[in-house]
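[1] Give the three-dimensional model of this entry:
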Amino acid sequence: NKPPEVFLAAAMADLNEEHKEAIVSYLRFMRYKRAQRLRSVDASFNELKESRLTDDTFTSEEVAEMITGLQDVLRGDVESELIDSSHTNVLLLRQMFAEAEKWHLKLKLDVSQLENKDLIAEIAQFEREHFTGIAANAKLKPLDEMASPALLQNVHTLSFFLFLLLFLFLFFSFLSISHTINLSLSL
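    Below is the predicted model of the structure:
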């Protein structure tokens with residue numbers, strides 16, 4: 001059995017930082033949804049305690065009725081959350097496929113991997129590390145501290161060209177807008 005660190009390295013090794021951050025964002029969203037659902041479960045139990053547990057003694061029929069009522073509420077809540085989670089995941093897949101299609105890529109899904117306990121353990125470990133501060137505290141060193149002079153020169157050159165492109169884009173946008181305004185005024 002491999003230690004969790006090995007699973008984590010394998011799970012995220014083939015992803016770039018931007019994709020890892022997208023996964024972290026998605027995990028954050030799903031943690032929020034999970035916390036909401038757990039509050040709903042707590043509220044169902046509290047409602048039962050406050051509204052139905054007012055007497056000191058209950059018959060077995062009354063207890064069975066309360067449990068059945070609570071079961072129905074929780075079953076409905078869990079079913080609703082599972083449906084919502086399923087639809088959320090489909091929406092995420094739709095976004096990914098749409099982005100891939102823009103670049104004429106075809107993505108393949110291996111649905112059989114969705115129940116792979118080792119891969120699920122990897123993701124769980126990734127989530128624990130990222131949201132318990134272990135991975136969240138790890139920061140990259142500034143480029144100036146670790147980069148070679150040639151790399152820094154390339155970064156500065158790239159920055160200059162990006163600035164130049166931005167300037168040209170804004171300039172031509174301005175020309176296009178002023179041309180449109182002139183056409184409108186002449187009509």
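
[2] Mind checking what secondary structure Asp55 has?
    Classification of Asp55 using DSSP: H, G, I helix; E, B strand; the rest coil returns coil.

[3] er, Phe58 actually
    The three-state label given to Phe58 by three-state DSSP is coil.

[4] what pLDDT does it get?
    Per-residue pLDDT puts Phe58 at 84.

[5] Return the residues in contact with it.
    By CB atoms under 8 Å, 6 or more residues apart in numbering, the contact list for Phe58 reads Met66. C-betas here are computed from N, CA, C, even on glycine.

[6] What does it show for phi and psi?
    phi -130, psi 150 (degrees, to the nearest 10).

[7] and it, how far is that from Arg128?
    Plainly put, Phe58 is 41 Å away from Arg128 if you go by CB to CB, to the nearest Å.

[8] again with Glu79
    From Glu79 to Arg128 the distance is 28 Å (CB to CB).

[9] Have a look at those two and say which one is more surrounded.
    Between Glu79 and Arg128, Arg128 has the larger neighbour count (other CB atoms under 10 Å), namely 13 against 10.

[10] Who are the packing partners of the host helix or strand of that one?
    Per DSSP states H and E, Arg128 falls inside helix 117-131. When contacts are defined as 3 or more CB pairs under 8 Å, 6 or more residues apart in numbering; DSSP states H and E, helix 117-131 sits against helix 4-12, helix 17-52.

[11] So for Trp103, which of these sits nearest?
    helix 17-52 (14.6 Å; CB to CB).

[12] Okay, angle between the closest one and helix 117-131 too, please.
    90 degrees (axes from the mean of the first three to the mean of the last three CA atoms, to 10 degrees).

[13] elements contacting helix 17-52?
    Looks like helix 17-52 contacts helix 60-102, helix 117-131 (3+ CB pairs under 8 Å, 6+ apart).

[14] Tell me which of these sits most buried.
    helix 117-131 (a mean of 16; mean count of other CB atoms under 10 Å).

[15] Alpha carbons only: can I get that helix in PDB?
    The C-alpha atoms that make up helix 117-131 are tabulated as PDB, following Å, rounded to 0.1, in the frame of the first residue of the first chain:
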ATOM      1  CA  LYS A 117     -10.400   3.900  -4.700                       C
ATOM      2  CA  ASP A 118      -6.700   4.700  -5.100                       C
ATOM      3  CA  LEU A 119      -7.400   7.700  -7.300                       C
ATOM      4  CA  ILE A 120     -10.200   8.900  -5.000                       C
ATOM      5  CA  ALA A 121      -7.700   8.600  -2.100                       C
ATOM      6  CA  GLU A 122      -5.300  10.700  -4.000                       C
ATOM      7  CA  ILE A 123      -7.800  13.500  -4.500                       C
ATOM      8  CA  ALA A 124      -8.900  13.300  -0.900                       C
ATOM      9  CA  GLN A 125      -5.300  13.700   0.200                       C
ATOM     10  CA  PHE A 126      -4.800  16.600  -2.200                       C
ATOM     11  CA  GLU A 127      -7.900  18.300  -0.700                       C
ATOM     12  CA  ARG A 128      -6.700  17.700   2.900                       C
ATOM     13  CA  GLU A 129      -3.300  19.100   2.200                       C
ATOM     14  CA  HIS A 130      -4.600  22.100   0.300                       C
ATOM     15  CA  PHE A 131      -7.300  23.100   2.700                       C
END
